[in-house]
Structure formats: C-alpha cells, structure tokens
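Student: sequence plus the predicted model coming up.
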Amino acid sequence: MLETINRYILPQVSSTFAADVDALFTFINVTSVIILLGITVAIFYFSIKYRRKSEDDVTPVIRFNTMLEVTWITIPLILVLIVFAWGFRGYIDMRTPPGNAYEVYVTANSFFWQFTYPNGVQTTDELYVPAGRPVKLIMQSRDVIHSFFVPDFRIKQDVLPGRYTTLWFETLTSGEHVIFCTEYCGTGHSAMDGMVYALEPDEFNAWLNEQKELSERELPLAELGRNLYTSQGCAGCHSLDGSVVIGPTFQGLYGAERQFTDGTSRVADEEYLRESIKYPGRVINVGFNNIMPSYEGQLSDDQITAIIEFIKELE
Amino acid sequence: MAAASKDLKIREFPVEENPTEHYLNAGKGLKSWLFTVDHKRIGLMYLASIILFFFVGGMLALALRIELWEPARTFMDADTYNRVFTLHGAIMVFLFIIPSIPAALGNFFLPMMLGAKDVAFPRLNLLSFWIYSIGALFTLYSIAYGGVDTGWTFYTPYSTSTGTAVISMTLGVFIMGFSSILTGINFIVTIHKMRAPGQTWGKLPLFLWSLYATSIIQVLATPNLAITFLLLILESTLGVGIFDPALGGDPVLYQHFFWFYSHPAVYIMIVPAFGIISEVISTFSKKTIFGYWLIALSSLAIAFIGFLVWGHHMFVSGQSELSTVIFSFLTFFVGIPTGIKILNWIATMYKGSIDLKTPMIYALMFLFLFSIGGFTGIMLGALSVNVHLHDTYYVVAHFHYVMMGGTVFAFLAGIHYWWPKMTGKMYNELWAKIASVILFIGFNVTFLPQFVMGSQGMPRRYYSYIEQFQTLHQTSTVGSWILGVGFIIVGIYLAISLFSKNNRASSNPWGARALEWMTTSPPAHHNFNHTPVVLHNPYDFHKPISEFRLGIDGSDGHHSSEDVSTPKEVGDKV
Amino acid sequence: MANQNATHGESHVAHHFVDSEQQLDSSKLGMWLFLVTEVLFFGGLFVAYIVYRAWNPELFYMSAKELSTTLGAINTVVLIGSSLTIALAVRAAQLNQRALLSRYLIVTILLACVFLVIKYFEYTSKFAVGILPGEFYTYEGIDHPGAPIFFSIYYMMTGLHGLHVIIGIGLMVYLVVKARAGTYTAAYYTPVEVTALYWHLVDLIWIFLFPLLYLIE
C-alpha cells in the first residue's frame, strides 16, 4: 500500500539517490501519522469521556508526572536522531561526486540554462547526459541567484553569481526528466524550465560528435543566427511568431518603429539591433521590463551580425 | 515596596456586572483613541489594523489561487503575479502575523494579567503603534509606486537589481522593526517590574511566559533585521557592494543576515500562540495545567534554540557542508520542547471537565494542525529529503500549517476567548462553531494538496506550471474559497455581536481564574478598581472563585512581586 | 522613554507606578534593554567587517593605512573625556547641584561637537581623493580588486556611529533646557541617568571601531 501512495505523491525514481530519499520520506511520514493518530484519538476520547456534566464539576489536581515527561522527551529524541543520521548519510552521498564523473558546465541566465560539454558543444535548456554514469554539474549564474532542480533525481542546488557551485547525479536508465528553476529570479522564473535527456552511453557519444560537427560547419549567416537564437537563450524571451513572451517578438521587428519608455522612438535598423543586444538597458520598449542581460563580451561581432541577419529574414 | 506583606489589608471584592463606566466610554472622539496611552485602547487599535491587513493579505491570496486555476495565464500576467505574492507574504508576515498576538491581545491583556494599571511605558507603547502605522504607510506607498516583485525575503542580487519599489518597502519594514523592538522592551520591563502583590514568577499565566519569551526574541533579533535592510537599502542606493559579487561581496551573506532575524521571527509568530492555547485548554478543561514549568520554560528554550538554526533555510544555498550539517542537527532540538507542550496540553484534558465552547474548538484544531506543521518541519530538517523539498510547495504548505493552522487558529481561539472581556458583548456561539468547522475544512482542502504537489516537485513562486499539477492546484483553489467564506462568517457574527443589545457578557463567562477575569467586562479605565492581590496559581481550578477576587482598598496599594502567601490575612471579606 | 512625569505636575511618578523607585528601576531596565538592541544593531556591521576582513586581510591592512591614526586617537580621547563629564553630570544631579549639572552637560555637548568636527575633516579629506562608498569609489591608490569594500564598511560603521553622536547631542540639549528649568533633583533625575547610559554606549562602540578600522597591523 505504501508503494501505491508513494507512486502518487512522489516523482519517479530516476537517480541513484532517489530510493534512499524516498525511504526516509516514508519513514518520517509513517512515524508522523502514527503519532498524529495518537494525538487525534486522545483529543476525541478525552473530549467525549470527560465532557462537562455540570458547572460544578470538580477536577483532580494533576500537576506533573516525571515518568510521562521523560518518556515523551526520550522517544521523540531518539526518533529525530535517527532522522538526522539517515538524512546526514544521504546528504553526504549527494555532496561527494565520484572521481570519474562526466563534467558539464552550467550557466544560469534570466531565464534559461546553458550547458557546455567538455568538447565545447553548447546547448540551451536541454541537458544531454550519459545514462548510468555519474555526471557532475559545475554551475554559475550570469545575473541573479537561480536554483537547479530535477525532481526525478531528488537533487537541487542554488546557482550563484560570482562563484561555482556543484552537484552530481547518476541516472538509473535512459529517459527524459524535467528541470525547474527553484530560486525565484523574476518575470520568467516559472518559464525557466528545461529537460534532461539521459541517453545510452554510445547514443550519447554519437549525439556529442554530431553536435560538434554541426557547430564546426560553415553555415550561411542567417542559419548561424538561428542556431545562436536557440543556443544563446534568445528563444526563452523572444518569439518568432508574433506572440509576446517576456521580450518583444522578433517577427516583423526589423524596420518597425519602436516606442520607448522615455518617450522617444526609433526605427529598428541594424545599428538599433546591435545596440539592443550589447546594451539592452539603454532604451526599453514600451510594455516591457529592463531584464535582459547584456551580451557584450558574450557574443563576437560576427555572431551578432548573424543574429541580425536572422532577424531580418523574419520579415 | 518595602512594605511587608502582613501589613496588607486584603479583602474580597465582588465584581460589578454591566458597569456603566469602563475604558470604552472613558473618553469620546477620535482624539481620545489616537492619542490614548491606555494599553487596552492601543491593543484594540492594533487589532483593527491587523484585521485590516489580514483582509488585504487574504484578498491577495485569493487572487493568487484564482490565477493558479489554469496552468498558464488565468487573469493576470507574470509581473503582476510576482508582485501579488510578494505583497501577500510581506503583508501577512510583517503587518499581520508578527504584531497579531503580541501587539493586539498581548497589549490588551499583559498588564491586566499582571494586575497592573498599564504597561511600564505607556507613551512608548503609543509611539510604537504610530511607528507601526508609519511603516505600514511606506508599504502602501510601495504598492502604489509599482509594487515589489522580490518575494518577502528580498534576496540579493535580484532585489538590488530589480526596478521595483524595494527601497520604500524595506524601509517600511525597517521602521516597523522599531515598533516591534519597543513593544518587546515594554513587555519585558512590565513583566519584571509591574507585577501585583503576590504575583510571583511561578504564578504568571502561561500567556505571559510566552509573551516574555517572544519579547526576548523581538529585542535580540529585530536589530539584526534593521541592519540587514539598512545594508540592502545602502546597496541599492550607494552600491556599497556588501552583497554584490561584482564588487567583491557575497549574496549568501545576505541570506545569513536575513534568516538570522527571520528564523527567530518564526518564533515571534508562533510562541504567543502557545500561550493562548495554554490558557484556553486549562480554562475549558476546568483543570490545573499539566506541567506548568515545562510549558513555561520550553517557550524560553524554543526562543534560545531558535537563534541557532537559521541556516536550515539555506541547505542548498551554497553554504559550506559543515554548517549545513550542524544547522540540521540543531534544528531537530526545536522539535523537543514543542513536543513537550503538545503532550502537556493533552494531559491537561485528562480527567478534566471539558466544555467544547468555540475557543476550545479552535484550540483543539490548533493541536491537530500545528502537529502536522511540526512533523513536516522534521521532514524538512532531514538533510537529504530537504534537498528534494526545498523551495517547493511542500515548504509553502508546511509554513501555512504552522503560521495559519497554528498562529491564526490560536489567534481565533484568543479572540473568541477574550471577546466578551474586550467588548463586554457575547457572540453567537452556534455561528461561531459553524464558522470554525468551515475554516478547518477550508484550511485542509487548501493546504493538504500542496504537500502532495511539493513532494512531486512543484516549485513555489511559480506563475505557470506543468499540467500534471492542475487538479491539485484547483483543489487548493476551491479550498481557499471555503476559507474565505469561513472568515466572512466570523467577521459578520463578531460585528453583529458588537451592535446587539441583549448579549451583555458577564465578567467571567468561562469561569476562568486569571486576573483579567477578576474585573468588569469591559474593564475599568485603569483595569481594576482595587489593587489585586494574588494568592493562587491562575490554574487552581479546584479552589473556589471567591479566593481569586482579592485586593487592597484604594488604588495606591503596593505593587510588588513579593510572595503574599499567608491566606490568614484574608479575614476581612465583605 | 523615562519621562512620563510631564503630565503629573509636581509628582514625577506616573499614575501606573506605585513609587519613584519602581519608576526609576523600570526606566533603567528599559534603557539597558534598548542598549542591548543597539549593540546587536552594530553587531550586524561587525559581523560584515569580520567576514570581509577574513576574506581580504591584505586589503584591510592597506586601506587602514589611508586613515589618519592621529585624528582617530584624538577623537578617542575626546569621547572618553565626554564619558567622564556626563558621569560627573549624573553625580551633580544626585547631589542636587543644578548649576553644575547643566555645566557638565554643556561640556559634554562641546566635546561631542569636537568629535564631529574632526570626523568632518576626516571625511572631506577622503572625499577629496575619491574615496567614496561603493560604486562612487574612484581612488586608485589601493591596488586591490575589492578596494571599495573596506571604505564602504568604514563609512557605514562610522556614519551610523556619527548618527548616534548627533542623537546624543540632541538628547543632551533637551536635558540642559530641562535642567535650567529646574526639573531634575536628587529625587528625580531618571532622564539624566538613562541618557548617560546611552552616551557611554556610544563611546564604547567607538572604542571598538577605532582599533578595528585605524589600527590594523
């Protein structure tokens, strides 16, 4: 029966940590329910058995019972020490990555995740990992604090600006798992999700090599721009179909008259687009917030040109 | 003060029923309220303010729940949603729950339970109400100025980079902190120095012990909140860089500073509730409280341990593993004194004469809901499980069970318990019971599903969510409507009771033994028409009530904490 | 917080107190508690100081060199002197010497002003070379990436302390006015006593600030 309940209230078991965390979760739940039932039964039983019969009821004077108090202190103390030791053991496992872990660098941005693999391949919001092998994530934020959470793995770690934090996990099988950002980071916080794809090791290697080749191929400018649009996270805020997500849509952007919050306006030409990518805070479009991070130093001039070419083609 | 106790001429004073003169008609007009130094009127002004803010915060909560009906947009956009949940949190924490029991009920009853005419510094008391109001105005200004979208925790660097009214909001909280500090100082001094003859520490009602522990936390923790928000304001305006990694600072330091106040603040919110429960359970079981000293001292123990566990909010923040483990270990020790209280309350009911009046029903609901809050707290204290549950709806449900199922239900118990004393009117018992059941159902329907959602991994502060969670979110939203209906009923019958004619409350409708019931309902302008003398424990329900109505002629009797323990002196009954 | 006397004419005992002893005891306890909150208020800044000094010991060493130890030392002496004079003022109140009471208070106020004047010159000389808090910092004499941090902490700590000195001056001016009017007697001098407690704390905090900020070896 417990397993049925757990299947309903817990996410699937997909990492080596999950079973132990779930076992402790269940232990605490079962113990709590037993004690809670005891408390509830006592409340009901006393309320009925000792209900007031007359205003002149005389009650006995019972001020203290050492045995009762000592028992009531000792038993919970033992229980919480068990819980502490159990949780401690599990936590230490989570904080100790094995030496042979596969390492991926993670950069958190408002509001997307970037993953950089050892061979230089980059992906956005999609993390590919080899199944059944320890994976260590080395994470940093480019702006505010974010937090990397995969419920199926029972792992979570805040991602800070200005320093690295790490976590590790090992999946049990291949499969897909959702990533959430769990440290509130602004407008797009709830949209800052992603997927982990655990692939069989040979599939994973094939995928990695394929991506490597793709990134090295000479592409037409606009197509390179389209790749950057997804890999640099533009897609998180700027749609291509005219819908408003967090930032203005790219559809029909080029050549359009833009209204700014300071009352000025300007036609979106190449120079405007270049400035908006490098210094997004200089002018703000009416109806939007100043939340885009600067890409100054992040993208080369050639890459910015490619993105502008891509936007121009969307007319 | 040097007067020996044997010099006191103690008499029994019958209590006048339906007094024609009392504190409510001692002065007329708005000025007699706004510039009063009477602790009872100040308490009522606090009560009115916090009820107002509870209403505002509750409306915001309903808006949030409605928005979460659909996985994507229901009726507001993400920026609005973020502002609304921030305001809901900030208003409920800083404007409602922190001042709720201490500043409203505590102000009203602390001097009366001591047998004093007022708190030690009445004008300071009025000042702290005004400071609270000014702080509240800053908060309202922040709303008008565009709102704040940081969450009530104001984490850096988001709070220093977002363009919203963070500065005016934190300034408002900073100002309200001083109100909290001044109230705390006032209460501590009053308890130490203003006790009636014979009112020894061992005879203090447990509500006062809990307020004493609360005041200590307020005095020791709030200055740190003040300096934290001062640093945050300087960071936003001057860019001092203490919390800014770009300038060599550390955002995690902000979290340490913040939780060093805000964790003890959790006990500012819950410990006064323990006091109310002790009073109510003993009175309605008509039985001596079980384990008086353990309940009293466990409040102090909770206050003390509460200062050592702030890091348990930060298990995944990037603090060192060693501190994480230490904080987890210490956290479990808060559970022990809390557990002791639950046992003692239930043991008090054993062989009692239990009368299930509305305050008692709320107290029993408190026991159930707060226990769930406590057990889920143990769950969150367990390191490996916490990593999974941190910042999910599980945490949201947990602290609502503690703060709302705990403090708010205890607050309701207290309001219903002391309503006849405060207003001199009795509410409709049947409607009160109906409302309590509606609130209990609504509360559980709202927050039980959130435990499940959280366990499944639903993060908190999410405007949109994946479809898997929709059923649970909708159940929770329906629960919030039930809660809303419950509170409306409470508001209506309490308001009706004020204006009805034939519901005058007697001076001691519950047969309680504490000092506040030994004066008229509503109380006289200076609380007592005689200086009370305390010979018995406030929970001595086996002694006749006449032995509790003792005092000294005139109003200039000696206040002293010396024990007046020779009952022989009570020879002069009238 | 100690003067509920005003509304009660000749009697300095407020209605809710039994006698003046209870009133004085209450006021003193209240003031001590308030001082505890003050210590904790500064405590937050001391913690920030400790954390950043532990992370950047050499920066703190280099930055402290920029501060004038002489001026800091003079200010320390000035404040300790003012603590003495306010203690003498309390004694004068206890002995019912009204003229002496207001004279000692005025000397204390003057010493507090001397402290602020010296502090003013210290600040302006730093501003002149571009040592300003946080993002306004432009000084290039200290070769360290986190250079603004020390002075941010310096300005916050000394600024908050300076604010307390100014509040203290305000309280003492009020006391002088009241003392001239003959309010304080040997039977009632609670406001003098609690203000003196406050002033000693302000001095005490400076005695910690001086070595922490100026004397880093």
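Tutor: Perfect, thanks for sending it.
Student: list the contacts for the nearest residue to residue C:206 once chain neighbours are set aside?
Tutor: Nearest residue to residue C:206, sequence neighbours excluded (CB to CB, 6 or more residues apart in numbering or on different chains): residue C:79, at 5.2 Å. (C-beta placed from N, C-alpha, C; glycine too.) The neighbours of residue C:79, taking CB atoms under 8 Å, 6 or more residues apart in numbering or on different chains as the test, are C:111, C:112, C:115, C:202, C:203, C:206, C:207.
Student: and those residues, which are buried?
Tutor: Using 16 or more other CB atoms under 10 Å in any protein chain shown as the burial test, the contacts of residue C:79 include C:111, C:112, C:115, C:202, C:203, C:206 as buried.
Student: so which of the residues you listed belong to helices?
Tutor: Mapping the buried ones among the contacts of residue C:79 onto helices (DSSP state H) picks out C:111, C:112, C:115, C:202, C:203, C:206.
Student: ok, so of the buried ones among the contacts of residue C:79, who is nearest residue A:155?
Tutor: The closest of these to residue A:155 turns out to be residue C:206 (CB to CB; 49.4 Å).
Student: distance of the closest one from chain A?
Tutor: 34 Å (CB to the nearest CB, to the nearest Å).
Student: also residue C:114?
Tutor: Note on residue C:114: its distance to chain A, by CB to the nearest CB, is 43 Å.
Student: over to residue C:103?
Tutor: Going from residue C:103 to chain A by CB to the nearest CB gives 56 Å.
Student: sec struct for that residue, please.
Tutor: What DSSP: H, G, I helix; E, B strand; the rest coil gives for residue C:103 is helix.
Student: distance of it relative to chain B?
Tutor: Separation of residue C:103 from chain B (CB to the nearest CB) stands at 30 Å.
Student: tally of neighbours for the residue of chain A found nearest chain C?
Tutor: Taking CB to the nearest CB, chain C has its nearest neighbour within chain A at residue A:162, 11.5 Å off. Neighbours of residue A:162 under the rule other CB atoms under 10 Å in any protein chain shown: 16.
Student: got it, and residue B:544?
Tutor: 8.
Student: and it, how far is that from residue B:530?
Tutor: Note on residue B:544: its distance to residue B:530, by CB to CB, to the nearest Å, is 19 Å.
Student: what sits against the closest residue to residue B:60 other than its chain neighbours?
Tutor: Closest residue in space to residue B:60, ignoring its immediate chain neighbours: residue B:88 at 4.0 Å, by CB to CB, 6+ apart. By CB under 8 Å, 6+ apart, the residues touching residue B:88 are B:57, B:60, B:61, B:64.
Student: which SSE is residue B:88 in?
Tutor: Assessed by DSSP states H and E, residue B:88 sits inside helix B:78-90.
Student: so which bits of that helix are buried?
Tutor: Going by neighbour count (16+ other CB under 10 Å), the buried part of helix B:78-90 is B:78, B:79, B:81, B:82, B:83, B:84, B:85, B:86, B:87, B:88, B:89, B:90.
Student: ok so, going back, could you dump the buried ones among the contacts of residue C:79 into TSV with pLDDT added?
Tutor: Compiled in TSV, the buried ones among the contacts of residue C:79 are given as follows (pLDDT from 0 to 100):
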residue	pLDDT
C:111	96
C:112	96
C:115	96
C:202	95
C:203	94
C:206	95
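Student: could those go into JSON lines alongside distance to residue C:51?
Tutor: Shown next, in JSON lines, are the buried ones among the contacts of residue C:79 (distance: CB to CB, whole Å):
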{"residue": "C:111", "distance to residue C:51": "34"}
{"residue": "C:112", "distance to residue C:51": "31"}
{"residue": "C:115", "distance to residue C:51": "28"}
{"residue": "C:202", "distance to residue C:51": "25"}
{"residue": "C:203", "distance to residue C:51": "26"}
{"residue": "C:206", "distance to residue C:51": "22"}
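Student: pLDDT weak spots in the chain?
Tutor: All of this is about chain A. Residues of chain A meeting the criterion pLDDT under 70: none.
Student: meant chain C actually
Tutor: For chain C, the stretches flagged by pLDDT under 70 are C:1-12.
Student: can you give me the helices for it?
Tutor: Under the criterion DSSP H, helices of chain C are mapped to C:20-55, C:57-64, C:69-94, C:98-128, C:147-180, C:190-214.
Student: how does chain A divide into domains?
Tutor: Per automatic domain parsing, the domain ranges recorded for chain A read A:2-47+A:65-95, A:102-215, A:218-313.
Student: return the most buried member of these.
Tutor: Among these, domain A:102-215 has the highest mean neighbour count (mean count of other CB atoms under 10 Å in any protein chain shown), at a mean of 20.
Student: ok, the closest residue to chain A within the stretch 251-400 of chain B - contacts?
Tutor: Proximity of the stretch 251-400 of chain B to chain A (CB to the nearest CB) peaks at residue B:384, 2.9 Å away. By CB under 8 Å, 6+ apart, residue B:384 lies in contact with A:17, A:20-21, A:24, A:86-91, A:93-94, A:154.
Student: what distance do you get for it to residue A:168?
Tutor: Between residue B:384 and residue A:168 the computed distance is 14 Å (CB to CB).
Student: any shared contact partners between those two?
Tutor: Listed contacts common to residue B:384 and residue A:168 are residue A:94; contacts here mean CB under 8 Å, 6+ apart.
Student: for chain B, what's the longest helix?
Tutor: Ranking each helix of chain B by length (DSSP H) puts helix B:251-285 first.
Student: nearest residue to residue A:201 other than its sequence neighbours?
Tutor: Distances taken as CB to CB, 6+ apart place residue A:130 nearest to residue A:201, at 4.6 Å, with adjacent residues excluded.
Student: beta partners for that neighbour?
Tutor: residue A:199 (DSSP bridges).
Student: can you pull the contacts of the residue lying farthest from the centre of chain A?
Tutor: In chain A, the residue that sits farthest from the middle, by CA atoms, centre = their mean, is residue A:56; the gap is 62.5 Å. Residues near residue A:56 by CB under 8 Å, 6+ apart: none.
Student: report how many residues lie close to residue B:237.
Tutor: Neighbours of residue B:237 under the rule other CB under 10 Å: 13.
Student: residue C:32 reaches residue C:198, doesn't it?
Tutor: No: using CB atoms under 8 Å, residue C:32 is not in contact with residue C:198, being 10.4 Å away.
Student: higher neighbour count, these two?
Tutor: Legend: neighbour count by other CB under 10 Å for residue C:32 and residue C:198, higher for residue C:198 (18 against 14).
Student: any residues of chain C in contact with chain A? List them.
Tutor: Where proximity means CB under 8 Å from any CB of the partner chain, chain C presents no interface facing chain A.
Student: right, I'll call it a day here.
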